[in-house]
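Novice: I would like the atomic coordinates for the input below:
(chains A and B)
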Amino acid sequence: DVKVTQSSRYLVKRTGEKVFLECVQDMDHENMFWYRQDPGLGLRLIYFSYDVKMKEKGDIPEGYSVSREKKERFSLILESASTNQTSMYLCASSIGTLYNQPQHFGDGTRLSIL
Amino acid sequence: GESVGLHLPTLSVQEGDNSIINCAYSNSASDYFIWYKQESGKGPQFIIDIRSNMDKRQGQRVTVLLNKTVKHLSLQIAATQPGDSAVYFCAEKRGLTGGGNKLTFGTGTQLKVEL
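Specialist: As a prediction, this is how the structure comes out:
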């Protein structure tokens, strides 16, 4: 089974702080994704990466950056946290783009910005 | 995907009955679709997928039907059990745009199983 692990289930930070969310997958997947999930809005793609050191903006990249130094690890960075970034953050991974394969998700990090 | 709203559509079924959850997708060029189940406090869990060259695909107690003419996807759950209570949402692959197999997600349907 694919295992996607997010480092924290719950996180509370203050406005203006730099926040790091970590995600690790154990299936040697090329693709990794960061989403946020808000009531009524579904899952919205923040950033994704299809290879080490490669990244592309998703639908809502403003206020976020990412890092992928190793294939198994994908980090989401909130440069200066704001209250409107309070949300559930979900990481996912999938096999390379040549195949139609599902994304597999971690259990999420519920982030509160005070 | 499904229309966005503040409240999830809810489907209530009796234990043992069959459930049908519907999804309208937006892009006629989408060629791959997935159903996910999300239980409270957990991440989305893959249930079943279907490619656009198929109309129907069956798994264990679940069937996905694809109607490309009207851009409609449905998930059928046979003999619904209390453990099936969750939010279900569909996703469509946006197509290869530089890589990544990006998906567009619907907002979901809350399935409640009544004993």
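Novice: okay, CA-based contacts and neighbour counts for the rest of this
Specialist: OK.
Novice: any chance you could map the strands in chain B?
Specialist: B:10-14, B:19-24, B:32-38, B:45-51, B:56-58, B:62-67, B:72-77, B:86-93, B:103-105, B:109-114 (DSSP state E).
Novice: Ignore what I typed, I meant chain A.
Specialist: Under DSSP E, chain A gives strands at A:4-6, A:10-13, A:19-25, A:31-38, A:42-49, A:56-57, A:64-70, A:73-78, A:87-94, A:104-105, A:109-113.
Novice: Is chain B within reach of the last one?
Specialist: No. For strand A:109-113, no contact with chain B is found by Cα under 8 Å from any Cα of the partner chain; the gap never falls below 9.3 Å.
Novice: Mean pLDDT lowest where, among the strands of chain B?
Specialist: Set side by side, the strands of chain B give their lowest mean pLDDT on strand B:103-105, at a mean of 90.
Novice: near chain B, which residues of chain A show up?
Specialist: A:31-32, A:39-44, A:48-50, A:90, A:96-97, A:100, A:102-108.
Novice: Quick check: the spatially most central residue of chain A vs B:F89, distance?
Specialist: Nearest to the geometric centre of chain A sits A:W34, at 2.6 Å (Cα atoms, centre = their mean). Here the criterion is Cα to Cα, to the nearest Å. By it, A:W34 lies 18 Å from B:F89.
Novice: How about A:K57?
Specialist: Relative to B:F89, and taking Cα to Cα, A:K57 is found at 23 Å.
Novice: Have a look at the two and say which one is more surrounded.
Specialist: Between A:K57 and B:F89, counted using other Cα atoms under 10 Å in any protein chain shown, B:F89 has the larger neighbour count: 24 against 15.
Novice: Quick one: residues contacting the more buried one.
Specialist: Applying Cα atoms under 8 Å, 6 or more residues apart in numbering or on different chains to B:F89 gives the contacts B:23, B:35-37, B:105-109.
Novice: how many neighbours does the residue lying closest to it once chain neighbours are set aside have?
Specialist: Distance criterion Cα to Cα, 6 or more residues apart in numbering or on different chains; nearest residue to B:F89, sequence neighbours excluded, is B:G108 at 4.2 Å. Number of residues near B:G108 (other Cα under 10 Å) recorded here: 32.
Novice: Next one, pLDDT for B:G108 please.
Specialist: 92.
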